[in-house]
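Visitor: Predicted structure and sequence below. I'll ask about it afterward.
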Amino acid sequence: MHLRNTFPIIMKVTDAAGRKDYQNYVLRVCDPLQVAGTQMPDGLINMPYEESIPIEGGIGPYQYSYTGQLPDGLSLNTSTGRVSGTPTSAGQASIQVTVTDNTYPNVQSVTQSLSISMATGLTILTSAGLPNARTDQTMAPVSFEAGGGVPPYTWQKVSGNFPAGITLNPDMGTLSGVPLANGHFDFILEVTDANSSTAQKAFTLSVFEPLSITGDIPDGTRGEHYHLLLDAEGGLPPYYWQVKNGALPDGLILDIFSGSITGTPTTDQSFTFSIEAADSQVPSAFAEKYYSMEIFRGVQMNTSVFELLLDD
């Protein structure tokens, strides 16, 4: 998912008699869909290969297809865009990849030529897309793997940047530390074997702020329309929402896409529940927050008949 931003909107319509109705919408703004680059990362024959087709923009989920011939032993997952398998012969292959996104109401589709080379010499085997990390949290160390050359290997960054707080062990080929800044970090690593042969590969490391749900849920009044937009910060928008424990007050519903709670409460009592937000990372990050909400009895007019006595 490559969104610029997501804007929840509540529209209200009022008729001539003063009756009101509400409807929730979500406006999503995204970059144009495109396949980034014309070259998939190299692979090594007789060694497992797994790389994602590099795309930018659009709104997921995506669908993938191709024409042409992948290297022997490789296949494309049309739902995830992962090219995987164990190549059995060296050489270069070329395919035409078509990617279709989920933009509403009109999907975007783009076609791009991609080449894939399978080598017999020194090659970096680690997938170009590294696991996501969290700001100010120790990341799971990434151990880069090479094959086809003569060990031992040494590693160095030749261009790009690591997040502040992340370092590379040149002898172990391990990336580790506590990232101090969020964002997407692109860099190229070079491996050198015992015969001074070298190979390079581009990597991307994404660092996100920890996901959290912000704000409170105000109390409501029985019989009066209620609307509230939940909000979260961190992670990768857009977010998806659900009631995790307990239940909302009778008459209220939660929209899983916009995070809006709307409806007309029908029972005046106290409710306790938790809301869970999931972001768009794969796998998703989750956050949960507990709430107590009171639905009060609305002000009611006494319908007794009153007499007004006037003095003569």
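Guide: Sure, I can see it.
Visitor: Please make it C-alpha for all contacts and neighbour counts, starting now.
Guide: Will do.
Visitor: would you list every one of the strands in the stretch 201-312 of the chain?
Guide: With DSSP state E, counting those that start in this stretch, the ranges of strands along the stretch 201-312 of the chain come out as 212-214, 220-221, 226-229, 231-233, 240-246, 252-254, 260-263, 270-278, 286-296.
Visitor: So which elements touch the last one?
Guide: Which is strand 286-296. Strand 286-296 is packed against strand 212-214, strand 220-221, strand 270-278, with contacts defined by 3 or more C-alpha pairs under 8 Å, 6 or more residues apart in numbering; DSSP states H and E.
Visitor: now the closest residue in space to residue 25 that isn't next to it in sequence: how far from residue 19?
Guide: The spatial neighbour of residue 25 that comes closest, neighbours along the chain excluded (C-alpha to C-alpha, 6 or more residues apart in numbering), is residue 9 at 5.0 Å. Look at residue 9 and residue 19: by C-alpha to C-alpha, to the nearest Å, they are 20 Å apart.
Visitor: what about these two, which has more around it?
Guide: The neighbour count for residue 9 versus residue 19, taken as other C-alpha atoms under 10 Å, is higher for residue 9 (14 against 8).
Visitor: Touching, that one and residue 28? I think so.
Guide: No: if you go by C-alpha atoms under 8 Å, residue 9 and residue 28 don't touch, sitting 10.7 Å apart.
Visitor: Who are the contact partners of the spatially most central residue of the chain?
Guide: Geometric centre of the chain, nearest residue: residue 280, 2.3 Å, by C-alpha atoms, centre = their mean. By C-alpha atoms under 8 Å, 6 or more residues apart in numbering, the residues touching residue 280 are 1, 235, 236, 237, 238, 239.
Visitor: try 6 Å this time
Guide: Contacts for residue 280 (C-alpha atoms under 6 Å, 6 or more residues apart in numbering) come out as 236, 237.
Visitor: One more: residue 276?
Guide: By C-alpha under 6 Å, 6+ apart, the contact set of residue 276 is 241, 242, 244, 287, 288.
Visitor: which residue packs closest to it, ignoring adjacent ones?
Guide: Spatially, and ignoring its direct neighbours in sequence, residue 276 is nearest to residue 288 (4.3 Å; C-alpha to C-alpha, 6+ apart).
Visitor: pLDDT value on that neighbour, please?
Guide: Per-residue pLDDT puts residue 288 at 97.
Visitor: Burial check on it, number of neighbours?
Guide: Using other C-alpha under 10 Å, residue 288 is surrounded by 17 other residues.
Visitor: That one and residue 274, how far apart?
Guide: Residue 288 is 7 Å from residue 274, where distance means C-alpha to C-alpha.
Visitor: Same question for residue 63.
Guide: Per C-alpha to C-alpha, residue 63 is found 34 Å from residue 274.
Visitor: Please apply the same query to residue 257.
Guide: Counting by C-alpha to C-alpha, the gap from residue 257 to residue 274 is 17 Å.
Visitor: repeat for residue 208
Guide: Applying C-alpha to C-alpha, the value for residue 208 to residue 274 is 24 Å.
Visitor: Also residue 143?
Guide: Remark: distance between residue 143 and residue 274 (C-alpha to C-alpha) = 38 Å.
Visitor: and what of residue 52?
Guide: Distance of residue 52 to residue 274, computed by C-alpha to C-alpha: 36 Å.
Visitor: Residue 230 against residue 259, yeah?
Guide: Yes: assessed by C-alpha atoms under 6 Å, residue 230 is found in contact with residue 259 at 5.1 Å.
Visitor: With neighbour numbers in mind, choose between the two.
Guide: Remark: of residue 230 and residue 259, residue 259 carries more neighbours, 23 against 20, as counted by other C-alpha under 10 Å.
Visitor: Pull the contacting residues for the more buried one.
Guide: Shown in contact with residue 259 (C-alpha under 6 Å, 6+ apart): 229, 230, 241.
Visitor: rewinding a little: so residue 208 and residue 274 - more neighbours on which side?
Guide: Under the criterion of other C-alpha under 10 Å, the comparison of residue 208 against residue 274 puts residue 208 first, with 20 against 16.
Visitor: what bridges to the more buried one?
Guide: When bridges are called by DSSP bridges, residue 208 pairs up with residue 134.
Visitor: Give me the pLDDT for it.
Guide: Per-residue pLDDT puts residue 208 at 94.
Visitor: Can you tell me the closest non-neighbouring residue to residue 163?
Guide: Closest to residue 163 by C-alpha to C-alpha, 6+ apart is residue 179, at 5.7 Å.
Visitor: On the three-state scheme, that neighbour is what?
Guide: Using DSSP: H, G, I helix; E, B strand; the rest coil, the structure places residue 179 in coil.
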